Every structure is written in structure tokens, then in C-alpha cells.
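Trainee: Below are the sequence and a predicted model; questions follow.
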Amino acid sequence: MEAKLNTSSYVKDFATFEGVYQFSPRRHKDLRGENVFTFEKNIYEQLLGVEFVKDEMSISKRNVIRGLHGDNKTGKLIQVLHGEVFFVIVDYRKESKTYLHHKHFLLNSIDRLQIYIPPNFLNGHMCLSEECIFSYKMTQYYNGIEDQYSVRYDDEKIGIKWPLHIKPILSYRDSFAKNHE
């Protein structure tokens with residue numbers, strides 16, 4: 001007989017977007033410091049009904065914007081390991097009543113919140129600290145940019161209010177991304 005897992009302290013459903021979840025990982029603090037339980041396979045699989053197959057991370061400096069990127073098959077569990085980011089998700093499901101709506105989160109290595117993004121959502125982040133380390137688990141293997149869609153971070157139709165004080169640092173890919181069609 002399989003034991004029932006206590007998942008109550010792990011998840012908060014965001015009703016704004018179906019399938020998007022925020023997780024607050026279990027933590028233990030004492031005089032030595034802190035231990036954070038960032039991933040427990042059986043709990044996350046039970047809560048989400050997906051299996052993660054790959055981990056990646058990006059390291060960025062202040063004012064770097066990565067995204068907006070997404071695809072139609074990959075779920076991602078993201079978190080910030082170091083620093084602070086302005087993180088944005090955009091509903092890119094054409095049949096959804098919240099199509100092109102977005103939500104932003106301030107994620108950092110102090111709160112340690114995690115966000116699960118299902119397939120067909122765009123996501124992007126801007127590094128607000130001197131340096132940030134952004135980590136994500138994926139439900140599919142990454143096969144290159146040909147399998148993804150990219151949309152400009154400043155697309156007027158989407159209307160994200162990035163906390164910009166100077167021109168952002170962008171990759172070649174993001175510099176030439178198209179506006180939403």
C-alpha cells in the first residue's frame with residue numbers, strides 16, 4: 001500500500017492561470033544556517049502529474065533580460081538560487097480566456113519560492129541584483145531554439161512593465177525576437 005504524501009505546505013494554486021503553481025519548499029533553520037528541500041520527486045510528481053527529466057541554470061548580471069521564450073510541450077519548475085529576479089509569465093494558449101495576459105513575480109534567494117509553468121506559456125526574467133542564478137527543471141529535453149517561440153520582451157500588446165532604469169542587456173536572439181502576431 002502506497003503512503004499518502006503530505007503536500008499541504010508545498011503548493012499554492014494561482015487561479016489567474018490554470019496550471020501555474022507557486023511552491024514554498026520546506027525549510028529548516030537553526031544556529032548553523034538553513035537546509036532547504038528544493039525538490040522531492042514523489043511530491044512534485046503527485047502535485048503536478050509530470051516527470052522532470054533535465055535541470056539547467058543561467059547566470060546573469062544586473063539588467064540582463066532573458067526571454068520571452070516558450071514552447072508547446074515543456075513544463076518548467078523555476079527558482080532563483082542566488083540574487084533577485086523580476087520573473088514574468090505570459091499565457092500563450094490561444095484558446096484560453098487569459099490569452100496574452102501576464103503575471104510577474106519577484107523571486108529571490110531569500111524567499112526561495114518556486115513557480116511551475118506548464119507548456120504554452122512564455123516566460124522571461126530580468127536580473128535585479130549584481131548577479132543572479134536562475135534554475136529550472138524541465139519536463140522535456142531541450143532541442144534548441146527551433147522548437148521554441150520567442151516574443152519581444154517589450155511587446156506592446158502584452159504590455160509588461162519591466163523595472164528598467166537603463167537599456168537592458170539582451171542576447172542576439174532576444175534582440176531580434178518578433179512582436180506577438
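Mentor: Received it, and whenever you're ready, just let me know what you need. Residues are numbered from 1 along each chain as shown.
Trainee: ok, now which ones touch the spatially most central residue of the chain?
Mentor: Closest residue to the average C-alpha location of the chain: I78 at 4.2 Å, with Cα atoms, centre = their mean. For I78, the contact set (Cβ atoms under 8 Å, 6 or more residues apart in numbering) comprises 87, 107, 114-117, 123, 134-137. No exception for glycine: its C-beta is placed from N, CA and C like everyone else's.
Trainee: can you tell me which helix or strand it belongs to?
Mentor: Secondary structure assignment for I78, by DSSP states H and E: strand 76-82.
Trainee: In its sheet, which strands sit next to that strand, and in what direction?
Mentor: Within its sheet, strand 76-82 is paired with strand 114-117 (antiparallel), strand 131-138 (antiparallel), according to DSSP bridges.
Trainee: any idea of the mean pLDDT in the first one?
Mentor: Put plainly, it is strand 114-117. Strand 114-117 carries an average pLDDT of 95.
Trainee: Likewise for the longest one?
Mentor: If you average the pLDDT over strand 131-138, you get 96.
Trainee: Phi, psi for L47 please.
Mentor: Dihedral angles of L47 (phi, psi; degrees, to the nearest 10) stand at phi -70, psi -40.
Trainee: helix or strand right after the least confident helix or strand in the chain by mean pLDDT?
Mentor: Within the chain, no helix or strand scores below strand 11-13, which has a mean of 65 by mean pLDDT, DSSP states H and E. Once strand 11-13 ends, the next helix or strand along the chain (criterion: DSSP H and E) is strand 21-23.
Trainee: Am I right that Y44 sits in a helix?
Mentor: Yes. Under DSSP: H, G, I helix; E, B strand; the rest coil, Y44 sits within a helix.
Trainee: Check the gap between it and T38 for me.
Mentor: Using Cβ to Cβ, to the nearest Å, we find Y44 at a distance of 10 Å from T38.
Trainee: With neighbour numbers in mind, choose between the two.
Mentor: Taking neighbours as other Cβ atoms under 10 Å, Y44 and T38 compare with Y44 leading, 22 against 15.
Trainee: so where is this structure shaky, pLDDT-wise?
Mentor: Residue ranges of the chain with pLDDT under 70: 1-13, 15.
Trainee: And the helices in it?
Mentor: Ranges of helices in the chain, per DSSP state H, are 41-48, 172-175.
Trainee: Redo those as a markdown table? Include distance to R27.
Mentor: Output for the helices of the chain, formatted as a markdown table (distance: least, Cβ to Cβ, whole Å):
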| stretch | distance to R27 |
| --- | --- |
| helix 41-48 | 15 |
| helix 172-175 | 34 |
